[in-house]
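Enquirer: After the sequence you'll find the predicted model.
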Amino acid sequence: MDVSKDDTSPFVNFNIQLEPELSSLVRSFFPSFNTLTMQGGSTGIVYGGLKYQARCIADVSADVEHASFLTGTLSLKEENEVHLIRLSPNGTEILCEGLFYHPNEIWDLKSCPYNSRIFSTVFTSGETYGAAVWKIPELYSQSNSPQLEQIVSLDDHTEKIKSVLWWPLGKNDKLVSIDERNLFVWNLDSSNKTAKVISQESVGMLSNLSGGAWDPHDRNSIITICDSSVQSWDLRTMKRSSAIEQSHIRDVDYNPKKQHILATAEDEFGVRIWDLRKTKFPLKELPGHSHWTWTVHHNPEFDDLILSGGTDSTVNLWQVAIASDESAPDSPGDSRRRQIEPLLNSYTDYEDSIYGIAWSSRQPSIFASLSYDGRVVVESVKPYIQKK
């Protein structure tokens, strides 16, 4: 094992390499076995405890003591798992705090913003999709095989469920679930293990919803992604209020500090930044991926820092400054001239597509990324914050 320290990184660099046969043997006895490895010049720390492919990772924002994440697997034949992992206090390793069996393939996973032991999943079994809210047992660390407690199942959907949304800024008794044709707003009572539909709206047969985001500045506003547009919704009236007409959008994320500002991850254009008050053309264009851009996230504290990941097996770190008086351009040419924001870094130490990225709310200078082969990497962006 080689150990070294890079003065520009807050992490200690470990290099642990096992022969493939030994690695497989260890994982067969210890499913949560995690390796720390430094490859290709990366400064990140790798968690190797996921046995199967995976798409979903989420920051546990309600954990005020640790930089912790939840991630879930996507195995068609095997029993799937949810891993609760956290960065060690000295920042040198990723610890598996809990491993919990999940009955189906996990396609969406969100952590509850006000209770670190509660989370939601969207899952599939064959052609059947479902969604549920789960709770991690209180004494999970003292059990050899802790079982997740299902608080509620969101059973009113008749179409394929795509996503569950939590309002990101703390306690809210509402949940939003999205299937291909409908929006549901639920009243969640986790103490009594109940969830009741309080409103529903259909988008019609011509739309195909795939996800969305909840506005951190307005608990009555969400945005949804469909085939040919991004649409804002008022949850009080269940009416659409504005739209960005753009096809093949994969992900969307609100700026946590600036109201009305939105980032989209797109097949053709990479990342684009929008002002929802003027949506004809984007504020910024960041065409930094060589294939589909699948996910995009603003930093929760340093809102000009944006992460994007895609099927080119790359995570890009951007610095995108939006002035308070900046307005959307009046023509596509104006938008292209605004491609001046620096690409701070590209993280390329992956062998598969990047579907999941999560900033840490506890330590906003770090993020975790998840590639489809089940590889979690935690990186620090402190050097780029210090240069700002």
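Expert: Yep, it's here. All values reported here derive from a predicted model rather than from experimental measurement.

Enquirer: Can you tell me which helices and strands the helix or strand where Leu99 lies packs against?
Expert: Using DSSP states H and E, Leu99 maps to strand 94-102. Applying 3 or more C-beta pairs under 8 Å, 6 or more residues apart in numbering; DSSP states H and E, one finds that strand 94-102 contacts strand 45-47, strand 68-73, strand 80-87. C-beta: built from backbone N, CA, C; applies to glycine.

Enquirer: one more time with 6 Å
Expert: With contacts taken as 3 or more C-beta pairs under 6 Å, 6 or more residues apart in numbering; DSSP states H and E, strand 94-102 sits against strand 80-87.

Enquirer: Residues touching the strand it packs on, excluding its own?
Expert: Under the contact criterion C-beta atoms under 6 Å, 6 or more residues apart in numbering, strand 80-87 has outside partners 47, 49, 66-73, 94-100, 102, 106, 378.

Enquirer: circling back: what's the angle from the strand holding Leu99 to strand 80-87?
Expert: Using axes from the mean of the first three to the mean of the last three C-alpha atoms, to 10 degrees, the direction of strand 94-102 lies 160 degrees away from that of strand 80-87.

Enquirer: Just the C-alphas of strand 94-102, formatted as CSV.
Expert: In CSV, the C-alpha atoms belonging to strand 94-102 read as follows (Å, rounded to 0.1, in the frame of the first residue of the first chain):
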residue,chain,number,x,y,z
ILE,A,94,-15.2,6.2,3.1
LEU,A,95,-17.0,4.2,5.7
CYS,A,96,-20.0,2.0,5.2
GLU,A,97,-22.3,2.9,8.1
GLY,A,98,-25.1,0.6,7.1
LEU,A,99,-26.1,-1.9,4.4
PHE,A,100,-29.8,-2.6,3.9
TYR,A,101,-31.5,-5.0,1.5
HIS,A,102,-34.0,-3.5,-0.9
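
Enquirer: and the next helix or strand after that strand, which residues are buried?
Expert: Note on strand 94-102: by DSSP H and E, the next helix or strand toward the C-terminus is strand 105-111. In terms of neighbour count (16 or more other C-beta atoms under 10 Å), strand 105-111 has its buried residues at Glu105, Ile106, Trp107, Asp108, Leu109, Lys110, Ser111.

Enquirer: Which residues does the second one form beta bridges with?
Expert: In this case it means Ile106. Phe123 (DSSP bridges).

Enquirer: From what I see, it and Ser75 are in contact.
Expert: No - look at Ile106 against Ser75 with C-beta atoms under 6 Å: they stay out of range, at 9.4 Å.

Enquirer: Any chance you could list what contacts stretch 64-78?
Expert: Applying C-beta under 6 Å, 6+ apart, the contact partners of stretch 64-78 are 50, 52-60, 80-87, 105-106, 109, 111, 119, 358, 360, 362-363, 366, 368, 370.

Enquirer: oh, I was asking about stretch 131-139
Expert: With C-beta under 6 Å, 6+ apart, stretch 131-139 has contacts from 117-120, 122, 146, 148-154, 161, 164, 177.

Enquirer: In that stretch, which residues are buried?
Expert: Ala131, Ala132, Val133, Trp134, Lys135, Ile136.

Enquirer: same deal with stretch 367-386?
Expert: 367-372, 374-381, 383-385.

Enquirer: thinking again about what came up before, farthest-apart pair in the buried residues of strand 105-111, please.
Expert: Of all pairs drawn from the buried residues of strand 105-111, the widest gap by C-beta to C-beta lies between Glu105 and Ser111 and measures 18.8 Å.

Enquirer: in stretch 158-174, what counts as buried?
Expert: So for stretch 158-174, counting by 16+ other C-beta under 10 Å, buried means Lys160, Ile161, Lys162, Ser163, Val164, Leu165, Trp166, Trp167, Pro168, Lys174.
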